[in-house]
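In: kindly generate the corresponding structure for this input.
(one chain, ligands or ions: 1)
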Amino acid sequence: MHVVELEGVSVRVVGKSLLAGVSWQVDYGDHWVILGPNGAGKTTLLSLVGAVRHPSEGAVRVLGHRLGKVDVRELRRHIGLVAASQRLVDEELLEQEGATAHTVVLTGHTGTSVPRWDKYGDAERDRAHRLLADLGCKDLADRPFRVCSQGERARVRVARALMADPAVLLLDEPFAGLDLPAREDLMAAVEDLARIRPVLTTVTVTHHLEEVPATTTHALLMRDARVLAAGPVEDVLTSAHLSDCFGRPLSVDRFDGRWYARAARP
Ligand SMILES: Nc1ncnc2c1ncn2[C@@H]1O[C@H](COP(=O)(O)OP(=O)(O)OP(=O)(O)O)[C@@H](O)[C@H]1O
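Out: Residues are numbered from 1 along each chain as shown. Reported below is the predicted structural model:
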């Protein structure tokens, strides 16, 4: 069984195709990155995998369950989704309540935007502390989420998503808006996660090759609602594929496991 399986999937809204004829398979322990220009359909693809939306055509199976034939609320409990664009968590409410980073992580256990204190015992509290430590921010436990920096929040959100022990973790532009040290801290945390949780599957949407974690195993390139290339990361992240994807000549390098792109000079 695949973690994610799409067969001939299209998503249409009035007068527009958001995804067209997409087939794709993700296996347990894979770490995928999805790249493509603005409007290519990356977030739409991730929202299918997150069981947030349904396809107009074709079949989507997540953790063996076909969308349309499964209780998506139950399915979502096994999927960790961190996406600024899809407000699944009411962070403003948590901020108003003065929630600490530890409390925000705890709410991941109940999948709620407010803490359900009767549901959290010592095991859950310890787990939330461990996850903050795994994400390199154990010192934030008692800090109000409201005052955490963007980089700190980004790591707390990932810890929250892991609280429910999901089989698959979906990250939609997790590095957006972070400065260089914050980006590198989150990158290190994501790479550590891949090492300490070998069965966790991850799918990360990003805009920049510099944001592709070194632990990435596979890549999928999108353009105009279609998949341009998908497969093992070293086969897909080539100068030719990236140039095709972004519509201009690009030169791609790999150094120390990380990827870099720049405009090709004549
Ligand atoms: N409900 C909708 N109705 C109409 N158009 C939509 C709807 N949702 C998304 N779109 C459009 O579909 C296209 C794909 O959107 P999507 O958010 O998946 O792209 P993306 O690759 O994630 O883009 P970005 O990199 O800019 O975040 C965009 O042109 C977007 O404007």
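
In: correct me, but residue 146 touches residue 98?
Out: Yes: with contact taken as C-beta atoms under 8 Å, residue 146 and residue 98 are classed as touching, separated by 7.1 Å. Just so you know, the C-beta spots here come from the backbone N, C-alpha and C atoms, and that holds for glycine as well.

In: the more surrounded of those two?
Out: residue 146 (15 against 10; other C-beta atoms under 10 Å).

In: quick check: the more buried one vs residue 48, distance?
Out: Distance, residue 146 to residue 48, by C-beta to C-beta, to the nearest Å: 33 Å.

In: what average pLDDT does stretch 256-265 get?
Out: For stretch 256-265, mean pLDDT rounds to 91.

In: contacting residues around it?
Out: For stretch 256-265, the external contacting residues (C-beta atoms under 8 Å, 6 or more residues apart in numbering) are 208-210, 212, 214-215, 237, 239, 242-243, 248-254.

In: again, only this time at 7 Å
Out: Residues from elsewhere that reach stretch 256-265 (C-beta atoms under 7 Å, 6 or more residues apart in numbering): 209, 210, 212, 214, 237, 242, 248, 249, 250, 251, 252, 253.

In: quick check: buried residues in the strand or helix carrying residue 241?
Out: Assigned by DSSP states H and E, residue 241 belongs to helix 239-246. Neighbour-count burial for helix 239-246 flags 241, 242, 243, 244, 245, 246 (criterion: 16 or more other C-beta atoms under 10 Å).

In: need the next SSE after the helix or strand bottoming out on mean pLDDT in the chain, C-terminal direction.
Out: The weakest-scoring helix or strand in the chain, judged by mean pLDDT, DSSP states H and E, is helix 91-96 (a mean of 74). Moving toward the C-terminus from helix 91-96, the next helix or strand (DSSP H and E) is helix 101-110.

In: just checking, what packs against whichever helix or strand comes after that following helix?
Out: Downstream of helix 101-110, the next assigned helix or strand under DSSP H and E is helix 122-134. Counting contacts by 3 or more C-beta pairs under 7 Å, 6 or more residues apart in numbering; DSSP states H and E, helix 122-134 is packed against helix 101-110, helix 150-162, helix 180-196.

In: could I get the ones you listed in CSV, plus columns for mean neighbour count, mean pLDDT and distance to the ligand?
Out: Formatted as CSV, these follow (neighbours: other C-beta atoms under 10 Å; pLDDT from 0 to 100; distance: least, C-beta to the nearest ligand atom, whole Å):
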stretch, mean neighbour count, mean pLDDT, distance to the ligand
helix 101-110, 24, 92, 24
helix 150-162, 23, 90, 17
helix 180-196, 16, 90, 17
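
In: thinking again about what came up before, filter the contacts of stretch 256-265 down to the buried ones and express that as a ChimeraX selection.
Out: This is how ChimeraX selects the buried members of these, with burial counted by 16+ other C-beta under 10 Å:
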select :209,212,214,237,242,250,252
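
In: just the ones of the contacts of stretch 256-265 in strands?
Out: 250, 251, 252, 253 (DSSP state E).

In: mind listing what the third one touches?
Out: When you say that, I think you mean residue 252. 209, 237, 238, 239, 242, 259, 261.

In: swap the cut-off to 6 Å and go again
Out: 239, 242, 261 (C-beta atoms under 6 Å, 6 or more residues apart in numbering).

In: how about those residues in JSON lines, adding distance to residue 23?
Out: Listed next are those as JSON lines, based on distance: C-beta to C-beta, whole Å:
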{"residue": "239", "distance to residue 23": "25"}
{"residue": "242", "distance to residue 23": "21"}
{"residue": "261", "distance to residue 23": "26"}
